[in-house]
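Colleague: build the 3D model from these lines:
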Amino acid sequence: MARRHLFAGRFAGFAPVTGALWLRPGQRASSPVTGASDSVSRLGQRHPVSRRWRQQRTGLFNVRLSTRRLRVFISTGEVSGDMHGAALARSLKQQAMHRGGSRQQQQLLLLRGVGGPAMRQEGVELYADTLRISSIGLYEALRFVVPAYLAYEKAKKELLEDPPDVAVLIDYTGPNMALATWFRQNLPGVPVISYIGPQQWIWEANGKPAPRLLDYFPILATCCRCLVAIFPLEAAFYCRKLEELGALPNPPPQIVYVGHPILDLVEPVTRDAARAMLPWTSSEHVCVALMVASRLQEIGALLPATTRAALAMEKSLEAKDPPKRIRFIIPTARPEFSDQIRRVLLDQGVPSSRIASWDPNLREMHPETLFFLVPRDYARLVLAAADLAICKSGTVNLEAAVLGVPQIVLYRLSWTSAFVIRHLFQMQLPYVSAVNVVCLDQAIVPELLQEHVTPERIHEEAMALLENRNGCADRMRHSYQSQVLPRLRLAEDCPEPVVERTAAGRAAAVVWRYLDQAKESRTLVT
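Modeller: Numbering: from 1, shown residues only. Below is the predicted model:
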């Protein structure tokens, strides 16, 4: 009787549907609470439904419920978030195999979400491709408001029709915090995990509280069950914030530090080994990786000044060492970005004969080629082969650190966005690059922000690193190994029992913890 009451409270809304499917002609569904049958024969005479028939039908329902595929929803919207989402999906499937010991267990895991091509390659069914609508800044995001709204409305409709067992929100702070609020209002029974939380710990590094519009901590504290942090300072900041907040009506979110996934995703490769794997590179050339084209807006904001600086760098090298040639390689985040990049290069005075694009049959590049465009798949190998990287701010800064490549970081918003952030929000960020943010006490790599993103400043910083003036490039490489990378690793004596000793594996173990709770609740229901 107690089990029937639990069934009625959890699935009372489904009783008319399931009953209609299982009734014989002339019968109505028996009460899920009392067990009494209202079945009526065609002659109008009551007769009880046999216990054996009822047990058969209930057993069928139990089997269907217990074999229902576990659903995980993953949401992200950046190239780096897509990479982390793909790594998480891969680890979730691997741990499913480890738990079940067969591919059948992996097939019981259904991954859905919004993200990009890397997640799709790992088997995640995408409701929308959010990499097409990602942006940074306030004014820059206006053009994507309507596409983003339509994409997430589609996702919400699908979520309501088939709710997930767990929701994982990866970075992408604004849209994902709004999605966390939506889950609390519409699907409060779904546990929400914030994987790589809001960067409020950076915004408040100078001691000032974040502006009210950018204060996402109340949402994190009330709408998320768990925060999976990848920076030690991030975990410490949110633990301190929870202590200051005091008692909450609901249990506070659990803070779990898993280490940074980039250490597992990037395999250290020497420069010579990387160049040996790229047939169109040569040890005789100075190779500079231009990592400034992950978003369409960054192409317009960063590439023009970088192109003029590149032309000046070529002249400087020719004047100092005529035999030495330089080549700039540009990985493109999306194939459609290639035409836009080519237009910017031409507008800055680069002859079309000096611009080339990747070809699978290419074995040797024309000696006059100065700019070479390659697909996103080659980005990490190009970075490893480079003598210098000129990067936008983001995860690519940590990739360069893992590979030991000296770098310059560029960051520029529109004038409108910069004015609002500086004067209305009064935000003064200590650093913007992930390498400097890891330490917060000193600058490891040079950062050129806003009005300092000029051809002259880029040229000056780049030549200093290429020439290793005063040992600046050597000091940067040493700081990578002594200060940056150790702060991204999890302690060796971490007591957390996990299937994999990787950051993505530890994050997947957290997700499986909530999936196990979902399976247990199904067992109680049935």
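Colleague: any stretches of the stretch 351-500 of the chain with poor pLDDT?
Modeller: Scanning the stretch 351-500 of the chain for pLDDT under 70 picks out 423-426, 491-500.
Colleague: 50 - rerun?
Modeller: 493, 495, 497-499 (pLDDT under 50).
Colleague: strands along that one, start to end?
Modeller: 355-357, 371-375, 388-392, 407-411, 447-449 (DSSP state E, counting those that start in this stretch).
Colleague: who touches the last one?
Modeller: Right, the one you point to is strand 447-449. 393, 408-412, 431-433, 436, 454, 457-458, 461 (CB atoms under 8 Å, 6 or more residues apart in numbering). Every residue, glycine included, has its C-beta placed from N, CA and C.
Colleague: could you dump those to TSV with distance to residue 121 and neighbour count?
Modeller: Formatted as TSV, these follow (distance: CB to CB, whole Å; neighbours: other CB atoms under 10 Å):
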residue	distance to residue 121	neighbour count
393	26	22
408	31	24
409	29	28
410	29	30
411	30	22
412	31	23
431	33	22
432	30	17
433	28	27
436	32	21
454	39	13
457	38	17
458	34	25
461	36	24
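Colleague: and residue 204, its phi and psi?
Modeller: phi -100, psi 20 (degrees, to the nearest 10).
Colleague: determine the three-state secondary structure at residue 110.
Modeller: strand (DSSP: H, G, I helix; E, B strand; the rest coil).
Colleague: now it, which residues is it bridged with?
Modeller: residue 71 (DSSP bridges).
Colleague: separation between it and residue 71?
Modeller: 5 Å (CB to CB, to the nearest Å).
Colleague: show me what the one helix or strand residue 118 maps to is packed up against.
Modeller: Assessed by DSSP states H and E, residue 118 sits inside helix 117-121. Counting contacts by 3 or more CB pairs under 8 Å, 6 or more residues apart in numbering; DSSP states H and E, helix 117-121 is packed against helix 79-100, strand 125-129.
Colleague: closest to residue 243 out of these?
Modeller: Distance to residue 243, taken as CB to CB, is lowest for helix 79-100 among these, at 27.7 Å.
Colleague: just how off-centre is that closest one within its chain?
Modeller: 12 Å (CA atoms, centre = their mean, to the nearest Å).
Colleague: cool, stretch 123-131 as well?
Modeller: With CA atoms, centre = their mean, you get 12 Å for stretch 123-131.
Colleague: same check on stretch 409-421?
Modeller: Distance, centroid of stretch 409-421 to centroid of chain: 23 Å (CA atoms, centre = their mean).
Colleague: contact partners of that stretch?
Modeller: 136-140, 292, 301-302, 305-306, 390-393, 397, 427, 432-433, 435-436, 445-450, 453, 458.
Colleague: TSV for the strands of the stretch 351-500 of the chain, including distance to residue 477?
Modeller: As requested, the strands of the stretch 351-500 of the chain are exported to TSV (distance: least, CB to CB, whole Å):
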stretch	distance to residue 477
strand 355-357	30
strand 371-375	24
strand 388-392	12
strand 407-411	11
strand 447-449	18
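Colleague: next, count neighbours for residue 168.
Modeller: Residues within reach of residue 168, counting by other CB atoms under 10 Å, total 30.
Colleague: shouldn't it be in contact with residue 75?
Modeller: Yes: here residue 168 reaches residue 75: they are 7.3 Å apart, a contact under CB atoms under 8 Å.
Colleague: quick check: neighbours shared by those two?
Modeller: Joint contacts of residue 168 and residue 75 (CB under 8 Å, 6+ apart) are residue 113.
Colleague: next structured bit after the longest helix along the chain?
Modeller: Across the chain, the longest stretch assigned as helix under DSSP state H is helix 296-320. Once the chain leaves helix 296-320, the next helix or strand it forms, by DSSP H and E, is strand 325-332.
Colleague: now for the longest helix of the chain, which elements pack on it?
Modeller: Helix 296-320 packs on strand 285-291, strand 325-332, helix 337-347, strand 388-392, strand 407-411, helix 455-466, going by 3+ CB pairs under 8 Å, 6+ apart.
Colleague: tell me which of these lies nearest to residue 97.
Modeller: Nearest to residue 97, of the helices and strands packed on helix 296-320 and by CB to CB, is strand 325-332 at 32.5 Å.
Colleague: isn't residue 84 up against residue 261?
Modeller: Yes: look at residue 84 against residue 261 with CB under 8 Å: they come within range, at 5.5 Å.
Colleague: do me a favour and average the pLDDT over the helix or strand containing residue 202.
Modeller: For residue 202, the host element (DSSP H and E) is helix 200-203. The average pLDDT for helix 200-203 rounds to 84.
Colleague: helices and strands around that helix, which ones?
Modeller: Using 3+ CB pairs under 8 Å, 6+ apart: helix 200-203 touches helix 232-245.
Colleague: quick check: the residue nearest the centre of the chain vs residue 168, distance?
Modeller: With distances taken as CA atoms, centre = their mean, residue 81 lies nearest the centre of the chain, 1.6 Å away. In this view, residue 81 and residue 168 are 11 Å apart by CB to CB.
Colleague: same thing with residue 434?
Modeller: For residue 434, the distance to residue 168 - CB to CB - is 21 Å.
Colleague: can you give me every residue that contacts residue 201?
Modeller: 231, 233, 234, 237, 238.
Colleague: ok, the fourth one touching residue 200?
Modeller: In other words, residue 237. Yes: if you go by CB under 8 Å, residue 237 and residue 200 touch, sitting 7.5 Å apart.
Colleague: which stretches of the stretch 401-526 of the chain form helices?
Modeller: In the stretch 401-526 of the chain, the helices defined using DSSP state H, counting those that start in this stretch lie at 415-419, 434-439, 455-466, 472-479, 503-525.
Colleague: show me which positions of the helix holding residue 118 end up buried.
Modeller: 117, 118, 119, 120 (16 or more other CB atoms under 10 Å).
Colleague: which among these gets closest to residue 255?
Modeller: residue 119 (25.1 Å).
Colleague: now the closest one: closest residue in space that isn't a chain neighbour?
Modeller: Computed as CB to CB, 6 or more residues apart in numbering, the closest residue to residue 119 that is not its neighbour in sequence is residue 85, at 4.6 Å.
Colleague: out of the helices of the stretch 401-526 of the chain, which one sits most buried?
Modeller: helix 434-439 (a mean of 22; mean count of other CB atoms under 10 Å).
Colleague: residues in contact with it: which ones?
Modeller: So helix 434-439 is in contact with 202, 231, 233, 393-395, 397-398, 400-401, 407, 409, 430-431, 442-445, 447, 480, 483-484, 487-488, going by CB under 8 Å, 6+ apart.
Colleague: what subset of these is buried?
Modeller: Among the contacts of helix 434-439, the ones that count as buried (16+ other CB under 10 Å) are 202, 231, 233, 393-395, 397-398, 400-401, 407, 409, 431, 444-445, 447, 480, 483-484, 488.
Colleague: ramachandran angles for residue 186?
Modeller: phi -110, psi -30.
Colleague: residue numbering should commence at 28 henceforth.
Modeller: Yes, from this point I'll number from 28; that puts the last item at residue 213.
Colleague: relative to residue 221, how far out is it?
Modeller: Taken as CB to CB, the span from residue 213 to residue 221 is 18 Å.
Colleague: with neighbour numbers in mind, choose between these two.
Modeller: Comparing residue 213 with residue 221 by other CB under 10 Å, the one with more neighbours is residue 221, at 27 against 12.
Colleague: test my guess that the more buried one contacts residue 247.
Modeller: Yes: the pair residue 221 / residue 247 is scored as a contact, 6.1 Å apart, by CB under 8 Å.
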